[in-house]
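[1] the following comprises the amino acid sequence and a computationally predicted model.
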Amino acid sequence: MAHELDNSKGFYAFAARGGAASAWHGHGQSILPTDSVADITRKAGLDWSVKRAPVVYHVDGIAHSFDNQSVLYRDDTARSLGIVSDNRYNIVQPREIMEFFADFLSDQKLSMETAGAVRGGSIVWCMAKLGPEYGFIMPGNDKVDSYVRLQTSFDGSRATDLVATTVRQVCANTMRMANADADANGFKVKHSSVFDSKALAKSFGLMGERHRITSEQWNELARQKITDREALDFFAELLDLTVSEGKVLTKKDQDVASTKSVNNLKSIIASYRNAPGAQLLSAAGTAYGLLNAVTHYVDHVATVRDTERDGANAARFASSQLGSGDALKQKAMRALTERYALAA
């Protein structure tokens, strides 16, 4: 169950304004206007701490230690989260993330929108909606809201960083904003460094620049008209496939693609043609429509693993925000940026 919402405390580690009804995966607790940071932390299932322990293994009944390595684990369930270097890994506790973000949002006159954990607590995050000045209105009154998400991991998969994301209103598709040279401006705090809240706060000043670049990129994509054949080739390339003489082939060795690969390609094409918002002026027959087809497919359609207990929506949520689905969205955006020579 590697990609599911965390369920370690007997409920789903997800809290949102509007509760489960506002989340597309249908799980979670409600964040109320009167909730304190401690209330939201508890509702999001983040009221636990990360501890260290030596890495020990047994051979023929004899215990051995793995020098300079330690395992991180939760103090409430003892669940292991990851193995890290003793000397180089600095822990940022879930409560620290929540408290910093809440204080920071209060200074910005913003409020926490969602918070939670996935992969048994290996990745935690909290998110806020930005003001209307950070919204997008694409051609055809296609509205997009902007958010900022603070996240960290305990399995070595990511640094502590502030991520700007967007949600397209008509279909709840999510996509990151441009990074705007964030790495060079304190956007991320690696776990080999001490958590620096000032650096993360400073990175918020880049939101305006990220918004400007993203707006320019997306509007340029909306101006780029494409044919159905170009759309087919783009989606096939994205999935490492080719289409020749009516056959879908693997890109690597030209063997006929698997049924799963063909179905994935058909699903993205269906999103391009028929998903909510596909017929708006911004998306119909445009490169922006290609991007939104991929985001709709990842967020709402894609087949995902680890669905037995929580259902496909919960697993798809984790994948689309923090896993392989998010990686596919980023791959699509990079391909479009290169194809149309967009400013990065």
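    Perfect, I can see it now. Numbers count the residues shown, from 1 in each chain.
[2] isn't K251 right up against L238?
    No - with contact defined as Cβ atoms under 8 Å, K251 does not count as touching L238 (10.5 Å). From N, CA and C alone the C-beta is placed, and that goes for glycine too.
[3] flag every buried residue along the host helix or strand of D326.
    Here D326 sits within helix 324-339, counting by DSSP states H and E. Neighbour-count burial for helix 324-339, counted by 16 or more other Cβ atoms under 10 Å, picks out 325-326, 328-329, 332-333, 335-337, 339.
[4] now stretch 82-98
    Counting neighbours by 16+ other Cβ under 10 Å, one finds that the buried residues in stretch 82-98 are 82, 84, 89, 91-94, 97-98.
[5] cool, stretch 66-86 as well?
    Within stretch 66-86, the residues that qualify as buried are 70-74, 80-82, 84, counting by 16+ other Cβ under 10 Å.
[6] follow-up on the earlier one: between K251 and L238, who's got more neighbours?
    The neighbour comparison of K251 against L238 (other Cβ atoms under 10 Å) goes to L238, with 20 against 12.
[7] what separation do you get for the more buried one and S203?
    Computed as Cβ to Cβ, to the nearest Å, the L238 to S203 distance reads 30 Å.
[8] just Y147 next, same as before
    As defined by Cβ to Cβ, Y147 lies at a distance of 15 Å from S203.
[9] over to L130?
    From L130 to S203 the distance is 14 Å (Cβ to Cβ).
[10] quick one: average confidence on the strand or helix carrying T295?
    T295 is part of helix 287-296, with elements assigned from DSSP H and E. Averaged over helix 287-296, pLDDT sits at 96.
[11] which elements pack onto that helix?
    strand 173-176, helix 207-223, helix 228-238, helix 259-274, helix 324-339 (3 or more Cβ pairs under 8 Å, 6 or more residues apart in numbering; DSSP states H and E).
[12] the first one pairs with which strands?
    It stands for strand 173-176. Applying DSSP bridges, strand 173-176 is found paired with strand 160-168 (antiparallel).
[13] export the partner strand as PDB, just CAs?
    Taking Å, rounded to 0.1, in the frame of the first residue of the first chain, the C-alpha atoms of strand 160-168 are listed here in PDB:
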ATOM      1  CA  THR A 160      11.500  20.500   2.700                       C
ATOM      2  CA  ASP A 161      10.100  22.900   0.100                       C
ATOM      3  CA  LEU A 162       7.400  25.300  -0.800                       C
ATOM      4  CA  VAL A 163       5.500  24.300  -4.000                       C
ATOM      5  CA  ALA A 164       3.200  26.600  -6.000                       C
ATOM      6  CA  THR A 165       0.300  24.700  -7.500                       C
ATOM      7  CA  THR A 166      -2.900  25.400  -9.400                       C
ATOM      8  CA  VAL A 167      -6.400  23.900  -9.700                       C
ATOM      9  CA  ARG A 168      -8.500  24.400 -12.800                       C
END
